[in-house]
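Asker: Sharing a model prediction with you, sequence too.
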2 protein chains.
Amino acid sequence: MKYICFDTSSRTLLLSVSNGRAVIDVRAQEIDRYGSMLAVIIKQSMENSKLKVSELDFIGVGVGPGSLTGLRVGISTAKGMAFPFDLPTVQFNSLDILARPIDSERFAVLRRGREGHYYWREYRNGTPFGETSFTSTAELVSRIDASEIELFLDGEKDPLFNGFRISEVKRYDPSIMRDIAVEKFSGGETTKYSSLEPIYLQKSIAEINWEKKSEGEH
Amino acid sequence: MKYICFDTSSRTLLLSVSNGRAVIDVRAQEIDRYGSMLAVIIKQSMENSKLKVSELDFIGVGVGPGSLTGLRVGISTAKGMAFPFDLPTVQFNSLDILARPIDSERFAVLRRGREGHYYWREYRNGTPFGETSFTSTAELVSRIDASEIELFLDGEKDPLFNGFRISEVKRYDPSIMRDIAVEKFSGGETTKYSSLEPIYLQKSIAEINWEKKSEGEH
(Lines give C-alpha, C1' and ligand atoms only; values in the text may rest on other atoms or scores of the structure.)
Protein backbone atom coordinates (compact mmCIF):
# COMPACT_ATOMS: atom_id res chain seq x y z
CA MET A 1 0.00 0.00 0.00
CA LYS A 2 1.32 3.44 -0.94
CA TYR A 3 0.41 6.31 1.30
CA ILE A 4 1.45 9.37 3.19
CA CYS A 5 -0.08 10.51 6.44
CA PHE A 6 0.68 13.29 8.85
CA ASP A 7 -0.60 14.91 12.02
CA THR A 8 -0.01 18.60 12.68
CA SER A 9 -2.34 19.04 15.64
CA SER A 10 0.46 19.80 18.14
CA ARG A 11 3.99 21.23 18.27
CA THR A 12 5.16 17.74 17.31
CA LEU A 13 4.78 16.92 13.64
CA LEU A 14 4.18 13.25 12.84
CA LEU A 15 4.65 11.94 9.32
CA SER A 16 4.74 8.48 7.74
CA VAL A 17 5.21 7.52 4.13
CA SER A 18 5.26 4.11 2.48
CA ASN A 19 5.92 3.04 -1.10
CA GLY A 20 4.50 -0.43 -0.37
CA ARG A 21 7.81 -1.79 0.92
CA ALA A 22 9.87 0.94 2.57
CA VAL A 23 8.27 2.82 5.45
CA ILE A 24 9.69 6.14 6.65
CA ASP A 25 8.47 7.59 9.95
CA VAL A 26 9.36 11.12 11.04
CA ARG A 27 8.63 12.87 14.32
CA ALA A 28 9.74 16.52 14.47
CA GLN A 29 9.40 18.32 17.80
CA GLU A 30 9.60 22.08 18.26
CA ILE A 31 10.86 22.80 14.75
CA ASP A 32 10.95 26.37 13.47
CA ARG A 33 8.71 27.57 10.65
CA TYR A 34 6.45 24.60 11.25
CA GLY A 35 4.12 25.55 8.40
CA SER A 36 6.72 25.60 5.65
CA MET A 37 8.65 22.66 7.12
CA LEU A 38 5.72 20.28 6.60
CA ALA A 39 6.05 20.68 2.81
CA VAL A 40 9.83 20.22 3.02
CA ILE A 41 9.59 17.03 5.09
CA ILE A 42 6.84 15.63 2.81
CA LYS A 43 8.99 16.29 -0.27
CA GLN A 44 12.12 14.73 1.29
CA SER A 45 10.30 11.64 2.57
CA MET A 46 8.58 11.02 -0.77
CA GLU A 47 11.84 11.48 -2.66
CA ASN A 48 13.65 9.17 -0.23
CA SER A 49 11.10 6.46 -0.90
CA LYS A 50 10.87 7.25 -4.64
CA LEU A 51 7.17 7.91 -4.47
CA LYS A 52 5.06 10.25 -6.59
CA VAL A 53 1.85 11.88 -5.37
CA SER A 54 -0.06 10.36 -8.32
CA GLU A 55 0.87 6.85 -7.10
CA LEU A 56 -0.58 7.25 -3.61
CA ASP A 57 -3.46 4.98 -2.59
CA PHE A 58 -4.48 7.54 0.00
CA ILE A 59 -3.47 10.58 1.99
CA GLY A 60 -4.11 10.46 5.73
CA VAL A 61 -4.39 13.52 7.93
CA GLY A 62 -4.99 14.15 11.61
CA VAL A 63 -7.97 16.49 12.04
CA GLY A 64 -7.33 17.28 15.68
CA PRO A 65 -8.40 18.41 18.14
CA GLY A 66 -5.43 20.67 18.76
CA SER A 67 -3.69 23.74 17.42
CA LEU A 68 -5.97 25.29 14.83
CA THR A 69 -3.04 26.86 12.97
CA GLY A 70 -1.31 23.49 12.79
CA LEU A 71 -4.50 21.74 11.68
CA ARG A 72 -5.15 24.33 8.96
CA VAL A 73 -1.66 23.76 7.55
CA GLY A 74 -1.99 19.97 7.68
CA ILE A 75 -5.48 19.76 6.23
CA SER A 76 -4.75 22.34 3.51
CA THR A 77 -1.66 20.37 2.50
CA ALA A 78 -3.64 17.12 2.34
CA LYS A 79 -6.33 18.81 0.23
CA GLY A 80 -3.72 20.34 -2.06
CA MET A 81 -2.00 17.01 -2.64
CA ALA A 82 -5.26 15.08 -3.12
CA PHE A 83 -6.85 17.57 -5.52
CA PRO A 84 -4.80 17.06 -8.74
CA PHE A 85 -5.38 13.28 -8.83
CA ASP A 86 -8.63 13.17 -6.85
CA LEU A 87 -6.97 10.88 -4.29
CA PRO A 88 -8.96 9.40 -1.41
CA THR A 89 -8.19 10.92 1.97
CA VAL A 90 -8.46 9.40 5.42
CA GLN A 91 -9.08 11.60 8.43
CA PHE A 92 -8.31 10.47 11.95
CA ASN A 93 -8.71 11.90 15.44
CA SER A 94 -5.38 13.11 16.82
CA LEU A 95 -6.25 12.01 20.37
CA ASP A 96 -6.67 8.45 19.09
CA ILE A 97 -2.91 8.39 18.31
CA LEU A 98 -2.19 9.23 21.94
CA ALA A 99 -4.78 6.71 23.18
CA ARG A 100 -3.70 3.67 21.15
CA PRO A 101 -0.62 2.61 23.17
CA ILE A 102 -2.31 3.15 26.56
CA ASP A 103 -3.02 -0.05 28.44
CA SER A 104 -5.99 0.76 30.67
CA GLU A 105 -9.60 -0.42 30.75
CA ARG A 106 -11.25 2.98 31.11
CA PHE A 107 -9.37 6.17 30.50
CA ALA A 108 -9.57 9.62 28.96
CA VAL A 109 -6.94 11.45 26.93
CA LEU A 110 -6.69 15.19 27.58
CA ARG A 111 -5.04 17.90 25.53
CA ARG A 112 -4.94 21.47 26.78
CA GLY A 113 -6.89 24.03 24.74
CA ARG A 114 -6.98 27.65 25.76
CA GLU A 115 -6.33 28.60 29.43
CA GLY A 116 -8.32 26.38 31.82
CA HIS A 117 -9.88 24.31 29.05
CA TYR A 118 -9.24 20.85 27.67
CA TYR A 119 -10.01 18.76 24.64
CA TRP A 120 -10.69 15.24 25.80
CA ARG A 121 -12.09 11.91 24.77
CA GLU A 122 -12.96 8.82 26.76
CA TYR A 123 -11.80 5.33 25.78
CA ARG A 124 -12.96 1.91 26.94
CA ASN A 125 -10.71 -1.07 26.25
CA GLY A 126 -8.80 0.99 23.71
CA THR A 127 -11.88 2.04 21.73
CA PRO A 128 -13.24 5.60 21.65
CA PHE A 129 -16.32 5.96 23.85
CA GLY A 130 -18.31 8.98 22.77
CA GLU A 131 -17.24 12.06 20.88
CA THR A 132 -14.41 14.49 21.57
CA SER A 133 -15.33 17.18 24.09
CA PHE A 134 -14.05 20.66 24.76
CA THR A 135 -14.81 21.82 28.27
CA SER A 136 -13.48 23.88 31.16
CA THR A 137 -11.39 22.00 33.71
CA ALA A 138 -14.24 22.33 36.23
CA GLU A 139 -16.76 20.76 33.85
CA LEU A 140 -14.29 18.03 32.90
CA VAL A 141 -13.74 17.15 36.57
CA SER A 142 -17.49 17.06 37.20
CA ARG A 143 -18.14 14.81 34.21
CA ILE A 144 -15.44 12.24 34.91
CA ASP A 145 -15.67 9.69 37.70
CA ALA A 146 -12.20 9.68 39.31
CA SER A 147 -12.71 6.22 40.77
CA GLU A 148 -13.41 4.71 37.36
CA ILE A 149 -11.36 6.63 34.83
CA GLU A 150 -7.62 7.16 34.53
CA LEU A 151 -6.51 10.42 32.92
CA PHE A 152 -3.68 10.74 30.43
CA LEU A 153 -2.55 14.25 29.71
CA ASP A 154 -0.69 15.43 26.61
CA GLY A 155 1.51 17.93 28.43
CA GLU A 156 2.41 18.61 32.03
CA LYS A 157 0.29 17.35 34.92
CA ASP A 158 -2.18 19.89 36.19
CA PRO A 159 -2.65 20.24 39.99
CA LEU A 160 -6.38 20.70 39.33
CA PHE A 161 -6.55 16.98 38.75
CA ASN A 162 -5.57 16.02 42.28
CA GLY A 163 -7.65 13.04 43.30
CA PHE A 164 -7.47 11.59 39.80
CA ARG A 165 -5.13 8.90 38.65
CA ILE A 166 -3.31 11.03 36.11
CA SER A 167 -0.12 10.64 34.13
CA GLU A 168 1.51 12.20 31.12
CA VAL A 169 1.07 10.57 27.73
CA LYS A 170 4.41 9.02 26.92
CA ARG A 171 4.17 8.08 23.25
CA TYR A 172 3.17 10.18 20.26
CA ASP A 173 4.47 8.00 17.54
CA PRO A 174 4.19 8.13 13.74
CA SER A 175 4.04 4.32 13.58
CA ILE A 176 0.85 4.37 15.69
CA MET A 177 -0.61 7.09 13.46
CA ARG A 178 -0.01 5.08 10.30
CA ASP A 179 -1.53 1.94 11.87
CA ILE A 180 -4.70 3.93 12.54
CA ALA A 181 -4.74 5.49 9.04
CA VAL A 182 -4.11 2.16 7.27
CA GLU A 183 -6.86 0.46 9.30
CA LYS A 184 -9.33 3.20 8.37
CA PHE A 185 -8.39 3.06 4.69
CA SER A 186 -8.60 -0.76 4.67
CA GLY A 187 -12.02 -0.51 6.35
CA GLY A 188 -13.25 1.84 3.62
CA GLU A 189 -13.37 4.89 5.90
CA THR A 190 -12.27 7.39 3.30
CA THR A 191 -13.39 10.97 2.85
CA LYS A 192 -13.52 13.19 -0.19
CA TYR A 193 -10.66 15.66 0.24
CA SER A 194 -13.01 18.60 -0.09
CA SER A 195 -14.87 17.43 3.04
CA LEU A 196 -11.82 17.38 5.34
CA GLU A 197 -12.45 19.59 8.35
CA PRO A 198 -10.60 20.12 11.62
CA ILE A 199 -12.26 19.01 14.86
CA TYR A 200 -12.58 22.47 16.30
CA LEU A 201 -14.86 22.63 19.29
CA GLN A 202 -13.32 25.66 20.89
CA LYS A 203 -15.20 28.88 20.50
CA SER A 204 -13.04 31.82 19.56
CA ILE A 205 -12.79 34.81 21.88
CA ALA A 206 -14.71 36.73 19.21
CA GLU A 207 -17.57 34.21 19.33
CA ILE A 208 -17.64 34.30 23.12
CA ASN A 209 -17.75 38.11 23.13
CA TRP A 210 -20.49 38.04 20.51
CA GLU A 211 -22.57 35.64 22.62
CA LYS A 212 -22.08 37.77 25.73
CA LYS A 213 -23.14 40.81 23.78
CA SER A 214 -26.19 39.01 22.36
CA GLU A 215 -27.21 37.79 25.81
CA GLY A 216 -26.87 41.31 27.14
CA GLU A 217 -29.29 42.51 24.49
CA HIS A 218 -32.06 40.19 25.64
CA MET B 1 22.50 19.90 23.65
CA LYS B 2 23.28 19.58 19.96
CA TYR B 3 23.79 16.12 18.57
CA ILE B 4 23.11 13.59 15.90
CA CYS B 5 22.89 9.86 16.48
CA PHE B 6 22.04 6.93 14.30
CA ASP B 7 21.86 3.15 14.32
CA THR B 8 22.41 1.15 11.14
CA SER B 9 22.69 -2.30 12.67
CA SER B 10 19.51 -3.63 11.03
CA ARG B 11 17.30 -3.09 7.97
CA THR B 12 15.67 -0.29 9.96
CA LEU B 13 17.68 2.92 10.09
CA LEU B 14 17.19 5.00 13.23
CA LEU B 15 18.30 8.63 13.31
CA SER B 16 17.82 11.52 15.75
CA VAL B 17 19.09 15.05 15.54
CA SER B 18 18.70 17.95 17.95
CA ASN B 19 19.76 21.58 17.72
CA GLY B 20 19.16 22.05 21.45
CA ARG B 21 15.47 22.83 21.01
CA ALA B 22 14.01 21.02 18.01
CA VAL B 23 14.32 17.25 17.93
CA ILE B 24 13.82 15.28 14.72
CA ASP B 25 13.47 11.49 14.87
CA VAL B 26 13.51 9.34 11.75
CA ARG B 27 12.90 5.62 11.38
CA ALA B 28 13.34 4.25 7.86
CA GLN B 29 12.44 0.60 7.25
CA GLU B 30 13.43 -1.38 4.18
CA ILE B 31 14.67 1.59 2.18
CA ASP B 32 16.63 1.05 -1.01
CA ARG B 33 20.30 1.98 -1.32
CA TYR B 34 20.57 1.99 2.46
CA GLY B 35 24.23 3.01 2.39
CA SER B 36 23.82 6.16 0.37
CA MET B 37 20.47 7.02 1.99
CA LEU B 38 22.08 7.45 5.42
CA ALA B 39 24.05 10.45 4.16
CA VAL B 40 20.93 11.89 2.48
CA ILE B 41 18.81 11.57 5.63
CA ILE B 42 21.59 13.04 7.80
CA LYS B 43 21.90 16.02 5.46
CA GLN B 44 18.14 16.61 5.33
CA SER B 45 17.67 16.32 9.08
CA MET B 46 20.54 18.68 9.86
CA GLU B 47 19.29 21.20 7.30
CA ASN B 48 15.76 20.93 8.66
CA SER B 49 17.05 21.77 12.14
CA LYS B 50 19.55 24.37 10.87
CA LEU B 51 22.47 22.57 12.40
CA LYS B 52 26.09 22.44 11.23
CA VAL B 53 28.42 19.54 11.92
CA SER B 54 30.91 21.91 13.59
CA GLU B 55 28.24 22.86 16.17
CA LEU B 56 27.57 19.31 17.36
CA ASP B 57 28.34 18.45 21.00
CA PHE B 58 28.62 14.82 20.00
CA ILE B 59 27.90 12.19 17.37
CA GLY B 60 26.29 8.98 18.59
CA VAL B 61 26.42 5.71 16.72
CA GLY B 62 25.10 2.20 17.29
CA VAL B 63 27.94 -0.30 17.09
CA GLY B 64 25.77 -3.39 16.84
CA PRO B 65 25.63 -6.27 17.04
CA GLY B 66 23.91 -6.71 13.68
CA SER B 67 24.47 -6.39 9.96
CA LEU B 68 28.18 -5.83 9.43
CA THR B 69 27.60 -3.94 6.17
CA GLY B 70 25.15 -1.63 7.94
CA LEU B 71 27.50 -1.12 10.87
CA ARG B 72 30.43 -0.32 8.57
CA VAL B 73 28.36 2.36 6.83
CA GLY B 74 27.15 3.86 10.12
CA ILE B 75 30.49 3.84 11.91
CA SER B 76 32.38 5.15 8.86
CA THR B 77 29.89 7.99 8.54
CA ALA B 78 30.26 8.87 12.24
CA LYS B 79 34.07 8.82 11.91
CA GLY B 80 33.94 10.95 8.78
CA MET B 81 31.73 13.57 10.42
CA ALA B 82 33.72 13.64 13.68
CA PHE B 83 37.15 13.85 12.05
CA PRO B 84 37.19 17.46 10.67
CA PHE B 85 36.27 19.04 14.04
CA ASP B 86 37.58 16.28 16.32
CA LEU B 87 34.08 15.84 17.76
CA PRO B 88 33.44 13.45 20.66
CA THR B 89 31.58 10.31 19.69
CA VAL B 90 29.33 8.09 21.78
CA GLN B 91 28.94 4.42 20.94
CA PHE B 92 26.02 2.37 22.14
CA ASN B 93 24.94 -1.25 21.92
CA SER B 94 22.13 -1.69 19.38
CA LEU B 95 20.43 -4.41 21.48
CA ASP B 96 20.12 -1.90 24.34
CA ILE B 97 17.71 0.15 22.17
CA LEU B 98 15.50 -2.91 21.82
CA ALA B 99 15.81 -3.73 25.55
CA ARG B 100 15.01 -0.30 27.00
CA PRO B 101 11.19 -0.33 26.57
CA ILE B 102 10.81 -3.96 27.77
CA ASP B 103 9.12 -4.31 31.12
CA SER B 104 10.42 -7.58 32.54
CA GLU B 105 12.65 -8.45 35.50
CA ARG B 106 14.96 -10.88 33.73
CA PHE B 107 15.06 -11.12 29.98
CA ALA B 108 17.33 -11.51 26.98
CA VAL B 109 17.15 -9.72 23.65
CA LEU B 110 17.99 -11.84 20.60
CA ARG B 111 18.87 -10.79 17.08
CA ARG B 112 19.44 -13.38 14.39
CA GLY B 113 22.96 -13.61 12.98
CA ARG B 114 23.81 -16.12 10.29
CA GLU B 115 21.65 -19.27 9.91
CA GLY B 116 21.05 -20.95 13.27
CA HIS B 117 22.96 -18.35 15.26
CA TYR B 118 21.94 -15.42 17.42
CA TYR B 119 23.40 -12.32 18.94
CA TRP B 120 21.97 -11.92 22.40
CA ARG B 121 22.35 -10.07 25.66
CA GLU B 122 20.78 -10.62 29.05
CA TYR B 123 19.15 -7.81 31.04
CA ARG B 124 18.12 -7.65 34.69
CA ASN B 125 15.70 -4.92 35.73
CA GLY B 126 16.42 -3.08 32.51
CA THR B 127 20.22 -3.07 32.95
CA PRO B 128 22.59 -5.12 30.77
CA PHE B 129 23.83 -8.21 32.63
CA GLY B 130 27.05 -9.43 31.05
CA GLU B 131 28.40 -8.88 27.58
CA THR B 132 26.82 -9.50 24.20
CA SER B 133 27.13 -13.10 23.03
CA PHE B 134 27.08 -14.74 19.64
CA THR B 135 26.15 -18.42 19.82
CA SER B 136 24.34 -21.19 18.00
CA THR B 137 20.67 -21.64 18.89
CA ALA B 138 21.55 -24.89 20.71
CA GLU B 139 24.16 -23.17 22.89
CA LEU B 140 21.82 -20.25 23.55
CA VAL B 141 19.06 -22.63 24.68
CA SER B 142 21.50 -24.51 26.95
CA ARG B 143 22.79 -21.30 28.55
CA ILE B 144 19.44 -19.71 29.28
CA ASP B 145 17.12 -20.90 32.04
CA ALA B 146 13.65 -20.91 30.47
CA SER B 147 11.95 -20.72 33.86
CA GLU B 148 13.78 -17.53 34.79
CA ILE B 149 14.35 -15.60 31.59
CA GLU B 150 11.91 -14.21 29.04
CA LEU B 151 13.15 -13.96 25.46
CA PHE B 152 12.52 -11.03 23.13
CA LEU B 153 13.37 -11.61 19.52
CA ASP B 154 14.11 -8.95 16.92
CA GLY B 155 12.39 -10.74 14.06
CA GLU B 156 9.98 -13.64 13.74
CA LYS B 157 9.53 -16.21 16.50
CA ASP B 158 11.64 -19.30 16.05
CA PRO B 159 10.03 -22.72 16.78
CA LEU B 160 13.36 -23.77 18.33
CA PHE B 161 12.42 -21.67 21.33
CA ASN B 162 9.39 -23.74 22.27
CA GLY B 163 9.30 -23.99 26.05
CA PHE B 164 10.53 -20.44 26.42
CA ARG B 165 8.44 -17.41 27.10
CA ILE B 166 9.25 -15.64 23.85
CA SER B 167 7.79 -12.67 22.02
CA GLU B 168 8.79 -10.32 19.25
CA VAL B 169 10.39 -7.00 20.14
CA LYS B 170 7.73 -4.42 19.40
CA ARG B 171 9.58 -1.10 19.54
CA TYR B 172 12.75 0.00 17.78
CA ASP B 173 12.45 3.67 18.28
CA PRO B 174 14.80 6.60 17.55
CA SER B 175 13.59 8.40 20.69
CA ILE B 176 14.85 5.49 22.83
CA MET B 177 18.18 5.52 20.97
CA ARG B 178 18.71 9.22 21.63
CA ASP B 179 17.82 8.81 25.33
CA ILE B 180 20.58 6.19 25.59
CA ALA B 181 23.10 8.30 23.65
CA VAL B 182 22.38 11.49 25.62
CA GLU B 183 22.68 9.58 28.94
CA LYS B 184 26.05 8.20 27.88
CA PHE B 185 27.32 11.59 26.74
CA SER B 186 26.07 13.25 29.94
CA GLY B 187 27.81 10.53 31.95
CA GLY B 188 31.10 11.21 30.19
CA GLU B 189 31.06 7.94 28.24
CA THR B 190 32.59 9.33 25.06
CA THR B 191 35.00 7.66 22.69
CA LYS B 192 37.61 9.07 20.33
CA TYR B 193 36.15 8.65 16.85
CA SER B 194 39.18 6.71 15.69
CA SER B 195 38.41 4.02 18.31
CA LEU B 196 34.85 3.31 17.13
CA GLU B 197 34.48 -0.36 16.32
CA PRO B 198 31.49 -2.58 15.53
CA ILE B 199 30.55 -5.31 18.01
CA TYR B 200 31.27 -8.17 15.67
CA LEU B 201 31.42 -11.50 17.40
CA GLN B 202 30.50 -13.60 14.42
CA LYS B 203 33.35 -15.40 12.75
CA SER B 204 33.30 -15.17 8.98
CA ILE B 205 32.99 -18.33 6.90
CA ALA B 206 36.61 -17.67 5.83
CA GLU B 207 37.77 -17.67 9.46
CA ILE B 208 35.83 -20.85 10.21
CA ASN B 209 37.36 -22.58 7.19
CA TRP B 210 40.83 -21.35 8.17
CA GLU B 211 40.40 -22.77 11.69
CA LYS B 212 39.20 -26.10 10.30
CA LYS B 213 42.20 -26.19 8.01
CA SER B 214 44.59 -25.30 10.85
CA GLU B 215 43.09 -27.99 13.10
CA GLY B 216 43.50 -30.51 10.31
CA GLU B 217 47.19 -29.67 10.12
CA HIS B 218 47.86 -30.55 13.77
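Answerer: Thanks, I have it. Residues are numbered from 1 along each chain as shown, chains lettered A, B, ... in the order given.
Asker: Flag every residue of chain A that's near chain B.
Answerer: Within chain A, the residues that sit near chain B (CB under 8 Å from any CB of the partner chain) are A:21-32, A:37, A:40-41, A:44, A:48-50, A:173-175. C-beta: built from backbone N, CA, C; applies to glycine.
Asker: Narrow those residues to those in strands?
Answerer: Using DSSP state E, the subset of the residues of chain A next to chain B located in strands is A:23-29.
Asker: Would you point out the most distant pair within those residues?
Answerer: Spanning the widest gap among these are A:Val23 and A:Gln29, at 20.2 Å by CB to CB.
Asker: So these two - more neighbours on which side?
Answerer: A count of neighbours by other CB atoms under 10 Å in any protein chain shown puts A:Val23 above the other of A:Val23 and A:Gln29, at 20 against 17.
Asker: in stretch A:178-189, what's buried?
Answerer: A:178, A:180-182, A:184-185 (16 or more other CB atoms under 10 Å in any protein chain shown).
Asker: Which of those lies at the shortest distance from chain B?
Answerer: Distance to chain B, by CB to the nearest CB, is smallest for A:Arg178 among the buried residues of stretch A:178-189, at 11.0 Å.
Asker: what helix or strand does the closest one sit in?
Answerer: A:Arg178 is part of helix A:174-186 when elements are defined by DSSP states H and E.
Asker: ok now that helix, how far from the chain's centre?
Answerer: Between the centre of helix A:174-186 and the centre of its chain there are 12 Å (CA atoms, centre = their mean, to the nearest Å).
Asker: quick one, strands of chain A?
Answerer: Using DSSP E, strands in chain A cover A:2-7, A:12-19, A:23-29, A:58-62, A:89-92, A:106-112, A:117-124, A:127-136, A:150-154, A:166-168.
Asker: what packs against the fifth one?
Answerer: In this case it means strand A:89-92. If you count contacts as 3 or more CB pairs under 8 Å, 6 or more residues apart in numbering or on different chains; DSSP states H and E, strand A:89-92 packs onto strand A:2-7, strand A:58-62, helix A:68-82, helix A:174-186.
Asker: any idea how far A:Asn209 lies from chain B?
Answerer: 35 Å (CB to the nearest CB, to the nearest Å).
Asker: Oh, that last question was meant for A:Gly74, not what I typed.
Answerer: With distances taken as CB to the nearest CB, A:Gly74 is found 17 Å from chain B.
Asker: What about that residue, how many residues nearby?
Answerer: 30.
Asker: give the contact list for A:Arg100.
Answerer: A:Arg100 makes contacts with A:126, A:176, A:179-180, as judged by CB atoms under 8 Å, 6 or more residues apart in numbering or on different chains.
Asker: Among those, which one lies nearest to chain B?
Answerer: Nearest to chain B among the contacts of A:Arg100 is A:Ile176, at 10.5 Å by CB to the nearest CB.
Asker: What is the burial count for that closest one?
Answerer: By other CB under 10 Å, neighbour count at A:Ile176 equals 19.
Asker: Now the closest residue in space to it that isn't next to it in sequence: phi and psi?
Answerer: Spatial nearest neighbour of A:Ile176, excluding adjacent residues (CB to CB, 6 or more residues apart in numbering or on different chains): A:Arg100 at 4.8 Å. For A:Arg100, the backbone dihedrals are phi -50, psi -50 (criterion: degrees, to the nearest 10).
Asker: What's the separation between the residue nearest to the spatial centre of chain A and chain B?
Answerer: Of all residues in chain A, the one closest to the mean position by CA atoms, centre = their mean is A:Ser94, 1.9 Å from it. A:Ser94 sits 18 Å away from chain B, taking CB to the nearest CB as the criterion.
Asker: can you check A:Glu215 too?
Answerer: Distance from A:Glu215 to chain B, by CB to the nearest CB: 44 Å.
Asker: before we move on, back to that, take the buried residues of stretch A:178-189 and write them to CSV, including pLDDT.
Answerer: Shown next, in CSV, are the buried residues of stretch A:178-189 (pLDDT from 0 to 100):
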residue, pLDDT
A:Arg178, 98
A:Ile180, 98
A:Ala181, 98
A:Val182, 98
A:Lys184, 98
A:Phe185, 98
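Asker: can I get those in TSV with distance to B:Asp86?
Answerer: Shown next, in TSV, are those (distance: CB to CB, whole Å):
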residue	distance to B:Asp86
A:Arg178	40
A:Ile180	45
A:Ala181	45
A:Val182	46
A:Lys184	50
A:Phe185	49
